[in-house]
Structure formats: C-alpha cells, structure tokens
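Colleague: Sequence first, then the predicted structure:
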Amino acid sequence: MLRASLLSGNTAHVTSQPGRTTPSADPVRSCRSRRSTTIRRALACVLAVAGASGCAADRFRYDRMRESDGVEVRELEDLMRDSTAPDLTAERVEYDFTAERDEYRLGKNDVLAIFVMDHPELSSQRIGTEVSGTTIRKDGNVHLPVVGPVRAAGLTLTEFEQALRESAARFVVAPQVSVEILRHESQKFFVLGQVRQPGAFAVDGDTTLLEGLSLAGGIPETADLSEATVVRSGTILPIDLLDLLERGDTSRNVYMQAGDVVYVPSRADAKVYVLGEVQQPRVVPITGTRITLAEALASAGGPSPARARRELAVIRGGFAKPIVYRIDLEQALLVDEHVLLRPGDRIVIAPTGLSSASRYMQQVLPFLQGAQAIGLAASGGTNAGVQAATAASTVVE
C-alpha cells in the first residue's frame, strides 16, 4: 500500500511524525488553481491595456490640443468665418473698385504712330501706305530727327502728345501733333490654369477681367471658379469669379493691369479626406462648387456606431503648422450650410475609449486563448496521472 502511494504521489497516509499525517494537495484542484491564476493575470494585462487605451483616447481628443503642440487651434465659429475667405498665402487687401479707370500708360517697347502735320521728317516713317511706327526705347524715350529724345514711358497718350508738342515747338511754329498706339508691347497680364488657351496677353488699358478670360479661350467645365484668384502686385483682389461669371456681378470686373495674374484651378484637384471613426474612410472629391462638413461625412458613410465620439477635427494647411478646428459634431450639423470645406482639408472623427479598448482586446485575445489552452492541457495531464495512480493502487492491493 505504501509502495502504491509513493508511485501515485499520494502521501496522505505517510506519517512524518508518529501519530500525525501530512495531507497531500489535490492535483486537479492545484492544476485548476494554476490555470485560474494564469487567466487572471492575462485579464489583468488586458484591463491594464484597456485602461491605457482610454488614456490614449483622451490624448486623441483635439479639444486638448494647444499652441505648444505645433498647431494653430481654432473653433467652429472660426471655421464658419474662414469658409468665406480664400485659403491663400498671398496677402488679401481691401480694394476700392470705384477707382478703376480705363487708363493706359506708355512703356518700353510700345510702338507709336507719330504724325506732325506738314512735317514728315518729324513723323513716323511710312512704307507705302503702312506706318512702320516709332518704338519707345529701353531708356523710356522716343528719339525723333531734329527734335531729339522725348520722354514717353509712364505717360498717357494725351500727356505724351503734349510733351511732344512742346518739344517740336522749339523747331516748328504751332505744330499739330497726333499720336496713336500701333502695338502694346510693354505690359502683359497672365491668365493661367484651367482656361482653354492660357498665356500672356497685352495690357491696353481697355481689357477687363471678363475680356481677359475670353482672350484665353474661356473656362471649361473642369474649372473651379470658387477658388479662382486675381493677384495684383502680390496681393489678392477680393474678386469672386463665381459671382462674376455665374451670377452676373460685374461690379468687380476690373481692368487688367501690368503683371496681373488670373489663376483658375482645376476642379479635379479639389478633394477632402475623411478619416478616423467613420464607416468608410476615403477621399471625397468636391464635384460641385462647394462641399459642407455633413456632405463629406455622408460620403464616407457617417460616423461608426458606438465607436465615434461627438468630437472631430478639421485639419487645414501644411505640416509645418497646420490649423486644427476643434468641433462638436452635433453643433456643426445645426449650422452645416455655413461649414464649408476647402480642398485638402482632413476631417478626423475621434474614437471612444471603448473603441480603443476593443481594438486592444482583439490583439490580446490570441494570448488569452493560448493561456486557456495551456491550462486545459495541464488539467488533462494531471487527470491522466491521477487515473494511472488509482489503477496502480488497485493492482497492488
């Protein structure tokens, strides 16, 4: 009997001292205890990770961002206000459109037709019936026989006629002077981007913005008028081409001046990015002239149920110091028609802490299953040992 007990590992009947026995531990209970401890430890790890995920979710909250994070933080009201202003690096200025005049000032390389009555030696040369013209030289003067240089650059046609009359009066009695512009060569404006014939065009003092677009062949359907700009001397003129062309607001149909740049971007480049806890994170093209926050979110299937928070962020600008608009979704939807997005905006829906914990749980679950399998295997091995020991005891008896 003692031999069978030793073989089975059961020392319940082995006396260490006379009259006393040392009870042995139940092997099944011991194995189960070890398995329970293993699983409890794994669950503790999961809960710790879940707690960490909650902290991570708190750090994700954009309403906790500060200027020290390297971003410019703004609110919903700022986004509504910024939606009406162009997102451009050039300076935007106030402009007095009532001061616009159809005035042209002469410049270098302009070609003039000069006529002094009864004095062909002072007039521009003719080849047959055609006037070859007199060019304003690089020094800004017109050089005429007998009269010599006469300042022309920077003057209007009327002012130059008067200056030429005064200069010719030193050699001619009561000269009758007439001047016309044969070719405008000194000044150019530029129409670029989504127009049919982009290029440089001559400034003549009479060409308006609409006429300049017409010279460039007009605007195709791929043009994004809402983002088109007119740049003058490094500043953005407050002109909305969409109002000018589609709504007939000609109050800002300015005259083109030297160096003006009209740029019409492509609608194909207009897109926003919807990220975070939405059904289908995606790139959303701006197919019309504008897109609101709700339209962008709807295109991505809307926020994910039980995963998305009410908070979201609209990130605008480059990576150096982007602008982060911190927004409450419910409040934004109440004024959605005023919450307009711009090409390149990134919309990020923040996740809930439970959502983050769920993802961590999915990552840790295989380890839990592995721990459970180890516990079951240990339990099965111990049961087999107990059964073998019982059988051996029976044989000895």
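Modeller: Looks like it arrived, so ask away.

Colleague: just so I have it, where are all the strands in the stretch 101-250 of the chain?
Modeller: 111-116, 126-127, 130-131, 134-135, 141-144, 148-151, 177-183, 188-193, 199-202, 229-232, 235-236 (DSSP state E, counting those that start in this stretch).

Colleague: mind checking which of those strands is nearest residue 303?
Modeller: Residue 303 lies closest, by CB to CB, to one member of those: strand 229-232, at 34.6 Å. Quick note: C-beta positions are derived from backbone N, CA and C, even for glycine.

Colleague: Now residue 196: closest residue in space that isn't a chain neighbour?
Modeller: residue 217 (3.1 Å; CB to CB, 6 or more residues apart in numbering).

Colleague: check contacts around that neighbour.
Modeller: Contacts for residue 217 (CB atoms under 8 Å, 6 or more residues apart in numbering) come out as 195, 196, 197.

Colleague: okay, how far is it across stretch 192-203, tip to tip?
Modeller: 16 Å (CA to CA, to the nearest Å).

Colleague: again, but for stretch 101-117
Modeller: End-to-end distance of stretch 101-117: 31 Å, with CA to CA as the criterion.

Colleague: buried ones in it?
Modeller: 104, 105, 106, 107, 108, 110, 111, 112, 113, 114, 115, 116 (16 or more other CB atoms under 10 Å).

Colleague: my read: the fifth one touches residue 153, true?
Modeller: Translated: residue 108. Yes: counting by CB atoms under 8 Å, residue 153 is a contact partner of residue 108 at 5.8 Å.

Colleague: Name the spans of the stretch 251-397 of the chain whose pLDDT lies under the cut-off.
Modeller: For the stretch 251-397 of the chain, applying pLDDT under 70 flags the ranges 306-309, 319-320, 352-397.

Colleague: Run through the helices of it in chain order.
Modeller: 293-299, 329-334, 353-396 (DSSP state H, counting those that start in this stretch).

Colleague: Direction included, what does the longest strand seen in the chain pair up with?
Modeller: When the chain is parsed with DSSP state E, its longest strand is strand 308-316. Next to strand 308-316 in the sheet, as set by DSSP bridges, lie strand 323-328 (antiparallel), strand 346-351 (antiparallel).

Colleague: so can I have TSV of those showing distance to residue 314 and mean neighbour count?
Modeller: Compiled in TSV, these are given as follows (distance: least, CB to CB, whole Å; neighbours: other CB atoms under 10 Å):
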stretch	distance to residue 314	mean neighbour count
strand 323-328	4	20
strand 346-351	6	21
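
Colleague: how about CSV for these, with distance to residue 313 added?
Modeller: CSV is the format used below for those (distance: least, CB to CB, whole Å):
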stretch, distance to residue 313
strand 323-328, 5
strand 346-351, 5
